[in-house]
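Peer 1: pasting the sequence and the predicted model now:
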Amino acid sequence: MVGGGAPTVLGMPTLLTGKLYDPEETLEAYYKSAYADSTLFSDLGAGGASVRIYTKARYLEGANPDEIGNAVTDLDYEIKKPARFTRNLYKLTAFLGAPYQLKKHFLLFSSALTSNVKLVGTDMKNVTLNDPKFYKDLKKKGITLSDEDRLFVLYHFFGAHGPYTMDENAQKVPSDQTSLKHQILGTFKIIFEYIDEMKAQGIYDDSTIIITADHGGVALYQNPAVFIKRRGEQREEMATNSAPLTFNNLRATFVQTLDGAGAETYGPGMYDVAEDAEVEPRPLVAASILRKNVYKDKKILYTDYLEFQIGNPARDNSLVRESDAKVANRYALGEKVHLCGKKASPVFAMSGFSIIENKYRWTNGDESRIPLRIAEPFENLELTLDYEAFSGHRGVKLYANDQLVLEGNLLLGPLDGIVIPGSCVEEDGFLELRFELLDAVSPKELGLNNDKRRVSISLRSFSLASTSEPFRGPLQIDQ
C-alpha cells in the first residue's frame, strides 16, 4: 500500500480525491482544486449511496457540502442542568430589573448560562479526533441504523499519532501511563467492538469494512497497511497479500463496492491487482523532513514538500527515489533567503538539509539541493552565501544546474562574487543549487556527542542578483 501524501494534511485529501499535492502551489489551492476535480462523492451518490465523512472539517475544505450527508445538519440545543440554568436565568432577569445600586448583587458571567447548554447533532464542523470519546459514545449509544439502502461511512481516528493519551482499553490517560503500542491496541479495541456491534445489529455480513491509514509511520510514511473484509466474505483466518497498491486502487474499491457511477474510470480495485504485478514506481509527496513539531498555530511550519517515487515493495526504503519532477521555489532577484533562526523562510523546498535551528541549518549527507525558479530577466547571476563549516574546513563543490561554479575548502562566510552564467539557467527560469559535500562527518564519528547526522556546512542565508560580470570558470576558494 502506498499513501499518496504525508503528513495527514496531505494524506486525507489524497486518499479521498487521488490528486497529488503540487509543492509549488499553496495548500489552500491544492484542497480547492483536488476536491473540485474529484467525482468520488458524486459518483457514490449517483449509485444510490449516502456519504458520511467524520474527520476534521479542514481536511474537507473545497469539498461540495451537498455531497456529504453530515456536512450540514439541523443542530439543536439541550439544557444539561435545568435547575442551575433556571436559577442563573432568574438572576439575569433580576439584574435587568433591579435598581442601579442593587445590580452588583446580581452580576454573573455569560458562561454561567452557556456552560449549561450543549449542541446536539453531528455537524461536520464539530467533529474532533477524540478516540476515547468515540468509544464512550459507542458503549453508551451503540450503532444507529439508517433506513438508507447504501451508505459510505468514513471514520477518521487519531489512532497511532502522538501525543499518546489513550490506553489499551480505549480510556483517556496521562501520557506517562501509556505508549504507542497501548494506544494502537486501544484503537483496535474500538474497531473490534464496533464490528461486534455490527454483527449484533445484523449488518456485518452485508458490509465491506476497510481499515487503513492516510499515511504510514516510518521513513517517508509511504507504507500504510490496509485490512479489508468484503461484503458476504467469510474466512477462518486472515490472508495476507503484498500487491503493489495505491490510494487510487482504494478509491476504485469504494466505487465498485457500492456500484457507483463511472466505476470503469477509476481503474483496478484492490482485488484486481496481482501480487506479482509489474508496476512503475508510484508517486508520493511528503515533507522532506518528517519530524515532530511540524505544525505551529495549525499552519505548516515547513512547506518543503518533495515528490518521491516508491518502489515495490513499498516498505523497502532502499527503493525510494526522489522524483525527477522539478519542484522549485519562486525566487525574486535580490531577495535574501534566511534558512535558520526566526527569519527562516518557511516556503523553500530543500533536500539534504537538517531541521531549522536558531543559528544553524546544517547540510545532512553527501549532497544538498535548493531548487529555484526565477522570473526576472538577467545576463548572469551573482550568488552570495553566508555559512559556517562544521569542525574546521569542509570540502565543497557547488553546481548551478550542471555547471560547476565553486569548489574548495570552506570555513566561514559570507562569501560573494560567485558568478553563475545565465546560459546554464533553463528557459523556464529553473535553477538548482546543488552542493556536493566531499567530507561530511557526524558529530558521533568525531566523539563529540551522539548526533548521527553527517554534516558539512551550516547554510545561514543566500541571495542572488543580476550581474554583467562574465563567468570566468568556477571560483576557487581555500579559507
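Peer 2: Alright, I've got the coordinates. Residues are numbered from 1 along each chain as shown.
Peer 1: helix, strand or coil: sort out residue 283 for me.
Peer 2: strand (DSSP: H, G, I helix; E, B strand; the rest coil).
Peer 1: from residue 277, how far off is it?
Peer 2: 17 Å (C-beta to C-beta, to the nearest Å). The way it works is simple: take the backbone N, C-alpha and C, and place the C-beta from them, glycine included.
Peer 1: and residue 265, by the same measure?
Peer 2: Separation of residue 265 from residue 277 (C-beta to C-beta): 20 Å.
Peer 1: ok so, going back, ok, residue 283 and residue 277, which is more surrounded?
Peer 2: Shown here are residue 283 and residue 277; by other C-beta atoms under 10 Å, residue 283 has more neighbours (16 against 12).
Peer 1: show me what that one is bridged to.
Peer 2: For residue 283, the beta-bridge partners are residue 309 (DSSP bridges).
Peer 1: surely it meets residue 306?
Peer 2: No. Look at residue 283 against residue 306 with C-beta atoms under 8 Å: they stay out of range, at 10.9 Å.
Peer 1: need the overlap of contacts for the two.
Peer 2: Shared contacts of residue 283 and residue 306 (C-beta atoms under 8 Å, 6 or more residues apart in numbering): residue 323.
Peer 1: only C-alpha atoms, please: export stretch 15-25 in PDB.
Peer 2: Below are the C-alpha coordinates for stretch 15-25, written out as PDB (Å, rounded to 0.1, in the frame of the first residue of the first chain):
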ATOM      1  CA  LEU A  15      -6.900   9.400  -0.200                       C
ATOM      2  CA  LEU A  16     -10.300  10.900  -1.000                       C
ATOM      3  CA  THR A  17      -9.500  12.700  -4.300                       C
ATOM      4  CA  GLY A  18      -6.500  10.800  -5.800                       C
ATOM      5  CA  LYS A  19      -4.800  14.100  -6.600                       C
ATOM      6  CA  LEU A  20      -1.100  14.500  -5.500                       C
ATOM      7  CA  TYR A  21      -0.100  17.800  -4.000                       C
ATOM      8  CA  ASP A  22       2.000  20.100  -6.200                       C
ATOM      9  CA  PRO A  23       4.600  21.500  -3.900                       C
ATOM     10  CA  GLU A  24       4.700  24.700  -5.900                       C
ATOM     11  CA  GLU A  25       1.100  25.600  -5.000                       C
END
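Peer 1: list of residues touching it?
Peer 2: For stretch 15-25, the external contacting residues (C-beta under 8 Å, 6+ apart) are 3-5, 10, 13-14, 27, 30, 33-35, 37-38, 40, 53, 60, 63, 154, 214, 247-248, 250-251, 283-285, 303-307, 327-328, 330, 349.
Peer 1: so which of those are in strands?
Peer 2: Among the contacts of stretch 15-25, the residues falling in strands (DSSP state E) are 5, 53, 154, 283-285, 305-307, 330.
Peer 1: dump the residue contacts of residue 170.
Peer 2: Neighbour list for residue 170: 131-132, 135, 186-187, 189-190 [criterion: C-beta under 8 Å, 6+ apart].
Peer 1: try residue 432
Peer 2: Residue 432 touches 326, 328, 369-372, 399-401, counting by C-beta under 8 Å, 6+ apart.
Peer 1: quick one, phi psi at it?
Peer 2: In this entry, residue 432 is assigned phi and psi values of phi -110, psi 120 (degrees, to the nearest 10).
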